[in-house]
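**Student:** Sharing a model prediction with you, sequence too.
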Amino acid sequence: MTHAILTLNYLHVLLVTVSGFLLGWLWYSPVLFAKSWMAELKITQEQMKAAAQKGMAKLFLSGFLYTFISTFGLAAILNAHQPSWWGGGALVGGFIGACVVGARVLNTGIWEQRSLRLQAINVGHEVALFAVQGTLLVVLRNW
């Protein structure tokens, strides 16, 4: 695994991090799931605006950092196993998103008594994120 980490293309990791961050922005935007997500969490528009005024930059920076860390992990796994086509990257990413990250999100959600709808939104995001990022990482590596 050390070799896989040392031979990563960190520019690719950064580019795919940005794409993943943008996917999260789209996923939790009014275009897709913002209204449902906010309703399930009982968050109002006013609360969102207040949070933005308090320190949206810190939230975005933290979110970007965590996205970078997860992208780095996925990139290292893909670099170690070297799927040869974009679909292999999507499959590995989707598998990790569903069976590793998604399962942990679901486990936490049970204890936090999250609704099935909220869990579907959050786990769906993780599966989509890792599948898209897996695809992009393999495409960029093979390009």
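**Tutor:** Yes, it's here. Because the structure is predicted, anything quoted here is derived from the model rather than measured.

**Student:** can you give me the helices in the protein?
**Tutor:** With helices called from DSSP state H, the chain shows them at 2-6, 10-27, 34-41, 45-81, 86-95, 103-111, 116-142.

**Student:** Serialize those helices to CSV and add fields for mean pLDDT and mean neighbour count.
**Tutor:** (C-beta placed from N, C-alpha, C; glycine too.) Listed next are these as CSV, based on pLDDT from 0 to 100; neighbours: other C-beta atoms under 10 Å:
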stretch, mean pLDDT, mean neighbour count
helix 2-6, 89, 11
helix 10-27, 97, 16
helix 34-41, 95, 15
helix 45-81, 91, 14
helix 86-95, 97, 19
helix 103-111, 97, 13
helix 116-142, 97, 20
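
**Student:** Need the residue closest to the centroid of the chain.
**Tutor:** L129 (4.2 Å; C-alpha atoms, centre = their mean).

**Student:** List the contacts of it.
**Tutor:** By C-beta atoms under 8 Å, 6 or more residues apart in numbering, the contact list for L129 reads 20, 23-24, 27, 70, 97.

**Student:** repeat that with 10 Å
**Tutor:** By C-beta atoms under 10 Å, 6 or more residues apart in numbering, the contact list for L129 reads 19-21, 23-24, 27, 67, 70-71, 74, 93-94, 97, 101.
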